[in-house]
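Asks: what shape does this take:
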Amino acid sequence: MLENVGEVDLEFFMAVEDDGSVSTYETVATFHVEETDEDFIIFAEEGAQEGEELEVMVALYNPAEVVEGNAGMPLVTLYALENEEQAELVEAVLHDMMEEE
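Replies: Sure, this is the predicted structure:
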């Protein structure tokens, strides 16, 4: 049985893909939206080289569902964005992150 590991460092995490395979990703950022009580994770495939353009992906996730996977790496269930408002919110957050750099 998988056990919730609670608040964990999600620097790297594993996710089960639609086909049942498991992939490892690197977390770019996570954020919570109080108004909608939604948690978002922005991530990239593990192994991107320094200086390479980073292709990021985004999903909803539930921190309470994060469990310990193989080798102690967190296993995260990812959920697709549900509407245009969520996509626009994430785009604004990414824009703000890029301005800060």
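
Asks: got a list of what the residue positioned nearest the centre of the chain touches?
Replies: The centroid of the chain falls nearest to residue 41 when counting by C-alpha atoms, centre = their mean (3.0 Å). Each residue near residue 41 by C-beta atoms under 8 Å, 6 or more residues apart in numbering is listed here: 10, 27, 29-30, 58-61, 76, 78. (Glycine included, C-beta is placed from N, CA and C.)

Asks: identify the residue nearest residue 77 in space, chain neighbours excluded?
Replies: Nearest non-adjacent residue to residue 77, counting by C-beta to C-beta, 6 or more residues apart in numbering: residue 65, 5.2 Å away.

Asks: could you pull out the helices for this protein?
Replies: 84-100 (DSSP state H).

Asks: on that earlier part again, what's around the residue nearest to residue 77, how many residues?
Replies: For residue 65, the neighbour count with other C-beta atoms under 10 Å is 13.

Asks: these two touch, right, it and residue 79?
Replies: No - using C-beta atoms under 8 Å, residue 65 is not in contact with residue 79, being 9.7 Å away.
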